[in-house]
Structures are given as C-alpha cells and as structure tokens.
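1. Fold the following and give me the result.
(2 chains)
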Amino acid sequence: AQKITQTQPGMFVQEKEAVTLDCTYDTSDPSYGLFWYKQPSSGEMIFLIYQGSYDQQNATEGRYSLNFQKARKSANLVISASQLGDSAMYFCAMRTYGQNFVFGPGTRLSVLP
Amino acid sequence: DTEVTQTPKHLVMGMTNKKSLKCEQHMGHRAMYWYKQKAKKPPELMFVYSYEKLSINESVPSRFSPECPNSSLLNLHLHALQPEDSALYLCASSQAGSSGVAETQYFGPGTRLLVL
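-> Just a heads-up that it's a prediction; the model follows:
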C-alpha cells in the first residue's frame, strides 16, 4: 500500500529565510510521481512542483525545489526566500500507476515578518 | 491557463434541502474529480469522471449524486445531507484521466458547505 508521511504538523520560518518541509513515502512500485500542493486559507489547492521517480535531477520551479532522495524515500520541499504569502498548508502527494493520489496529512507553514 | 472554477463559494443548507455544486474547466481536460476535505485533513477522493463517464465512486453515500453533462462541466447534486457532510468540496481536473504517474490534477477554489 502507498503511504505519505509528513512529520511536521506546523513550521515557522522568518520572512526571507529558506525552509524545508519534509515528506517521506512508501511504495513498492518502481514508477511513481511525487507532487506538492499549497493550500492557503482560501481553500484552493495550488500545484507547486512534480518529481518523477525516474527523473535524474531534482525538480525546481521558481522559489520551490524538491530535494529528492530516492534511497531514503524522501521528497522534501524547499522554499527559498520565504514570503508572507507562503503561509499556508502544504500537502505532499504520490501517484503510482493506475492509482489515484495519496495525500500526506499536511504541514502548516507560518511565515513570520 | 490552469483555472478550475467552482460555484457557489459558500453554501448553507438544511437536511431536507436539495442543492447542487458546480465545477467548470476550460483546459481541455478529459478527467474531472470531486474531493471532500474536512478541516485540518487532506482531501478525500469521492468521484472520478473520465471522458464523461463515471470511472470511480469511492463508496460515497447516495445522497451525493455526481453528473458530468460535458467534458467541461461537473456537478455534484446534494440531497438529504447530514451535518457531518459539512466540509470543503473541491473539484479538480487532469488532462486525460490516464493511469500515468505524472498526470497533475488542478484544483478549483472549493465550495464550503455547511449542513444544518
């Protein structure tokens, strides 16, 4: 069975600092995709970044990067130069072939001015 | 353009009411999804439509009735709901509803439902 673990229920970061949100996953499938979504208090789930299990390089999208360590089964999200607007709930999700998304429990990030 | 729209944004209904949630996307996606999200929890999949056909029903009670009139629209008809059905209802779409691992789902802003 597929499982996503996010061990940090809440995180604080100072504005303009970098922050890492942890995500570990469990699957026996060799092919899988890992996703990060941001959910502000308004409710919309915003897609941030994707990493495929066979991708050789870590994914990056602007201030977001994914620290993918396959042997450790971890896919941590790194946000550089945090902004007040980054305060939100962050969900890590995984998809394996033929299956729908499995979401982690989420991490609430608060950016302090 | 990765926009999925949902109406209404908020809905309050009594347990005897009938109401509908609407979702629309114009990205040419052929798969659409309904999720239910309780406070401080991740979204839970309810239904999946692929090419306008219901492909997944995650054992959702019959008081929730999905409908996909065309590839751009998705409705969720609500009838005789219970207070525990109060939640954020999210719609999402993806390109083809394929089994591939890379298919990204794009979400709408959600409808906050309160059942009294």
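2. Kindly report the residues of chain A close to chain B.
-> A:31-33, A:35, A:37, A:42-47, A:50, A:52-53, A:91, A:95-101, A:103-106 (CB under 8 Å from any CB of the partner chain). C-beta coordinates here come from the backbone N, C-alpha and C atoms, glycine included.
3. Please list the residues outside the helix or strand of chain B with the lowest mean pLDDT that contact it.
-> Ranked by mean pLDDT, DSSP states H and E, the helix or strand of chain B with the weakest confidence is strand B:53-57, at a mean of 91. Contact with strand B:53-57 is made by A:Asn100, B:Leu45, B:Met46, B:Phe47, B:Val48, B:Tyr49, B:Pro66, B:Cys68, B:Gly97, as judged by CB atoms under 8 Å, 6 or more residues apart in numbering or on different chains.
4. I'd like to know the beta-bridge partner residues of the fifth one.
-> Beta-bridge pairing of B:Val48, defined through DSSP bridges, involves B:Tyr33, B:Ile56.
5. repeat for B:Glu67
-> B:Glu67 forms beta bridges with B:Asn75, as assigned by DSSP bridges.
6. Quick check: it vs B:Lys41, distance?
-> According to CB to CB, to the nearest Å, B:Glu67 and B:Lys41 sit 26 Å apart.
7. Next, B:Ser59: secondary structure please.
-> Secondary structure, DSSP: H, G, I helix; E, B strand; the rest coil: B:Ser59 is coil.
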